[in-house]
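Student: show me the folded form of this:
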Amino acid sequence: MSSTPAPMSVNKDLAYGPDLKHKLDVYYPPVANGAMILVIHGGGWWQGDKSKEEAVARRFAEAGYLAVVPNYRFAGGADGSGTNLYPTQADDVLRAVDWAETSVLTFQRFGAFGGSSGGNLALEIAIRRGAPAASWSGLVDLAGFMKRHGDAAPHRVVIDESTPGAAIDQGGADPGYYKWLLFNLLGPGLERLDEATPLRRISPTTGPVLLANSMDELVPREEPVEVASALVKAGVPTRVLLFEGSRHATGYLADALPETLRFFDHYLVN
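Tutor: Residues are numbered from 1 along each chain as shown. Below you'll find the model as predicted:
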């Protein structure tokens, strides 16, 4: 007699550190495959919320993955206050991984997923922990962007909290906003620009990476190609998905998710 799988369950706002932003949600799969995926929200390192990733987290959980979705502290460098500059956000998501590994959660392997600035942070986990990562529209060549677009006039883009994740930053290229994000992440002097550029720190110990991007979106299409080239030179497996149009991150969810699930199945389950 076959048994009915347990329904998906969610445990929200678990503390993984001392700050008020150190909260995460856990999505438990009906049938676990033994792997966990850290799902990292975007928002330019300065806005956004873990709730924006609920649809993606549920898709991962439906596929058998334990999905852990953290909030993290926001950067505030554009106004000169210098709060929570790089590497605060990367340190926070790594703290979330450490929490998961020492908690009562049960999994044998883990990977990281994120879109936009979340894609940047997913690549940070691949670099620092050697875990498989999927980076959708990740801002990954910060120094290269500044070299190509240093004359752009920086400006901020505020996203209404009710805006669905798939509707954010779908207007195409915006060098001024990208530049403002870097000032806000690093401070007006951009002192740690090279260090904050994941492309500069890829090595043979970096985990396998899937990169996705649109041809004419916020993140220049050159960036995932450059990262893929660096990964190949380091002997690290990589996959690259390039889509037509200007869709950003979860804007191309339907097109990118199947290959992303195959990527994680290959490195975390099979």
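Student: from now on I want contacts and neighbour counts done on CA atoms only, so please keep to that.
Tutor: Noted.
Student: helices or strands up against the lengthiest helix in the chain?
Tutor: Longest helix in the chain by number of residues (criterion: DSSP state H): helix 88-102. With contacts defined as 3 or more Cα pairs under 8 Å, 6 or more residues apart in numbering; DSSP states H and E, the packing partners of helix 88-102 are helix 117-129.
Student: give me the mean pLDDT for the very next helix or strand once past the helix it packs on.
Tutor: Sequence-wise, the next helix or strand downstream of helix 117-129 (DSSP states H and E) is strand 133-136. Average pLDDT, strand 133-136: 98.
Student: angle of the helix or strand that strand 133-136 is followed by against helix 117-129?
Tutor: Downstream of strand 133-136, the first helix or strand assigned by DSSP H and E is helix 142-149. Counting by axes from the mean of the first three to the mean of the last three Cα atoms, to 10 degrees, helix 142-149 lies at 130 degrees to helix 117-129.
Student: buried residues of whichever helix or strand comes after helix 142-149, list them for me.
Tutor: Later in the chain than helix 142-149, the nearest helix or strand by DSSP H and E is helix 175-186. Within helix 175-186, the residues scored as buried using 16 or more other Cα atoms under 10 Å are Pro175, Gly176, Tyr177, Tyr178, Lys179, Trp180, Leu181, Leu182, Phe183, Asn184, Leu185, Leu186.
Student: next one: phi and psi at Leu241?
Tutor: With angles defined as degrees, to the nearest 10, Leu241 sits at phi -120, psi 120.
Student: where does the closest residue in space to it that isn't next to it in sequence sit: helix, strand or coil?
Tutor: What sits nearest to Leu241 in space, not counting adjacent residues and going by Cα to Cα, 6 or more residues apart in numbering, is Ala212, at 4.5 Å. Here Ala212 is recorded as strand under DSSP: H, G, I helix; E, B strand; the rest coil.
Student: tell me who's in contact with Ala212.
Tutor: Ala134, Ser135, Trp136, Ser137, Pro224, Val240, Leu241, Leu242, Phe243, Ala249, Ala256 (Cα atoms under 8 Å, 6 or more residues apart in numbering).
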